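J.: sequence below, structure please.
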Amino acid sequence: MLTQRVVYEKEISMRLAEAAQNRSVTGRLSSGQLENYRREGYLIYPDQVFPPAKFDALKAHFEQKLLALPEGVRPESMDVPHFTDPKLFDWLFADEVLDLVAPILGPDIALFASHFICKPRGNGKRVPWHEDSFYWKGMLDPMEVVTVWLAIDPSTLANGCMKVIPRTFGGFSDYDPVDPARNVFPTEITKKQRDESKAVPIELQPNHASLHDGRLMHGSDANTSSIRRCGYTMRYVSTKTKLADDRLAFHHLYLARGRDHAGNQYGDPARSYEDLAHYREQHGKNGH
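T.: This is a model prediction of the structure:
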């Protein structure tokens, strides 16, 4: 009887040690989750990202921004809103988010971009199959971007949730034109270079998130349902990543945590850059 008890206690100790090991990675990801992200190129985070009150404040802030959109502006196109809305750094620089990307990027982190992509009910546009990196070609060196896709609304197959094709790390496929009236972007990865049979739907409840590599193939269907679908994409790079100097006319990195390693210039999170936003709009730099 005593021997059985000793064996049982050893088994419990081993299980506890294994669980502790899985939580040992700095930040909010276990070693198993980190391994999955690196292998597949994406991860669905199982827990709520923010405390409920903090998430509710973000959603309320978004609703005000949505109401303030000029007439005729589609809600899918709310790109880099933090350039003119410093309040968003309350969430973009939050430990709850930075601790998700730190195990992947390391302790020195810069905000690269953010984007509210809101598909209205009934006529939300399709997001064609694409790699984020295709739209950022020549912008970052190295091209190592982690996107946190935070669900503001429920994101399901019914209302056009994001789909990913795991293990697609090429980053720069060939593209064909698509109808801009029906699609958020005007081009799509050529059909012969994507295998939609391997696509995985990323279904999320509000205040839950997925993470994906900037090179991963992904897209989403149109929203013809009666439920809006909105997500906030928060995109981060290591401060070892260099932003090309010729992009400073229309883009800023922001130092989110730690110190710079690449000689970048950083935006001031307390300042609104209306001139930058105007330049982007005038020169067609918005959209991703």
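J.: Ser191: neighbouring residues, count only.
T.: Just so we're on the same page, residue 191 is Lys rather than Ser. Counted with other C-beta atoms under 10 Å, residues neighbouring Lys191 total 10. C-betas here are computed from N, CA, C, even on glycine.
J.: ugh, wrong one, I meant Asn264
T.: Other residues lying near Asn264 total 19 when counted by other C-beta under 10 Å.
J.: how near is it to Asp221?
T.: Distance, Asn264 to Asp221, using C-beta to C-beta, to the nearest Å: 37 Å.
J.: over to Gln282?
T.: As judged by C-beta to C-beta, Gln282 and Asp221 stand 32 Å apart.
J.: and Ser77, by the same measure?
T.: Noted for Ser77: a distance of 18 Å to Asp221, by C-beta to C-beta.
J.: and if you look at Ala94?
T.: Spatial separation of Ala94 from Asp221 under the definition C-beta to C-beta is 30 Å.
J.: distance of the nearest residue to Leu248 once chain neighbours are set aside from Asp108?
T.: In space, and not counting its chain neighbours, Leu248 is closest to Gln265: 6.5 Å by C-beta to C-beta, 6 or more residues apart in numbering. Counting by C-beta to C-beta, the gap between Gln265 and Asp108 amounts to 16 Å.
J.: between those two, who's got more neighbours?
T.: Legend: neighbour count by other C-beta under 10 Å for Gln265 and Asp108, higher for Asp108 (19 against 10).
J.: you'd agree that one is up against Asn264?
T.: No - counting by C-beta atoms under 8 Å, Asn264 is not a contact partner of Asp108; they are 10.9 Å apart.
J.: Gln282 and Asp221: which has the busier surroundings?
T.: Just comparing Gln282 and Asp221: by other C-beta under 10 Å the higher neighbour count belongs to Asp221, 18 against 10.
J.: list the residues that contact that one.
T.: 126, 157, 160, 163 (C-beta atoms under 8 Å, 6 or more residues apart in numbering).
J.: again, 10 Å this time
T.: Asp221 makes contacts with 119, 124-127, 157-163, 201, as judged by C-beta atoms under 10 Å, 6 or more residues apart in numbering.
J.: buried ones only from those residues, please, as a PyMOL command.
T.: Provided next is the PyMOL selection string for whichever of the contacts of Asp221 are buried by 16 or more other C-beta atoms under 10 Å:
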select buried, resi 119+124+125+126+127+159+160+161+162+163
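J.: how close does Val127 get to Arg235?
T.: When distance is defined by C-beta to C-beta, Val127 is 15 Å away from Arg235.
J.: list the buried residues of stretch 31-41.
T.: Neighbour-count burial for stretch 31-41, counted by 16+ other C-beta under 10 Å, picks out 33-34, 36-37, 40-41.
J.: could I get the residues you listed as CSV with secondary structure, distance to Val145 and pLDDT?
T.: Formatted as CSV, the entries for the buried residues of stretch 31-41 read as follows, by DSSP: H, G, I helix; E, B strand; the rest coil; distance: C-beta to C-beta, whole Å; pLDDT from 0 to 100:
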residue, secondary structure, distance to Val145, pLDDT
Gln33, helix, 18, 97
Leu34, helix, 17, 97
Asn36, helix, 18, 97
Tyr37, helix, 13, 98
Glu40, helix, 16, 98
Gly41, coil, 12, 98
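J.: in the stretch 1-150 of the chain, which spans are strands?
T.: All strands of the stretch 1-150 of the chain, identified by DSSP state E, counting those that start in this stretch, fall at 42-45, 78-79, 109-119, 127-130, 140-141, 145-151.
J.: do the stretch 151-288 of the chain as well
T.: Defined through DSSP E, counting those that start in this stretch, the strands belonging to the stretch 151-288 of the chain, from first to last, are 162-165, 175-177, 187-189, 200-201, 209-213, 217-220, 229-238, 242-243, 254-257.
J.: export the ones you listed to a markdown table and tack on distance to Phe134 and mean pLDDT?
T.: Supplementary listing: the strands of the stretch 151-288 of the chain in a markdown table, determined by distance: least, C-beta to C-beta, whole Å; pLDDT from 0 to 100:
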| stretch | distance to Phe134 | mean pLDDT |
| --- | --- | --- |
| strand 162-165 | 14 | 98 |
| strand 175-177 | 7 | 98 |
| strand 187-189 | 8 | 97 |
| strand 200-201 | 20 | 98 |
| strand 209-213 | 13 | 98 |
| strand 217-220 | 10 | 98 |
| strand 229-238 | 14 | 98 |
| strand 242-243 | 17 | 98 |
| strand 254-257 | 23 | 98 |
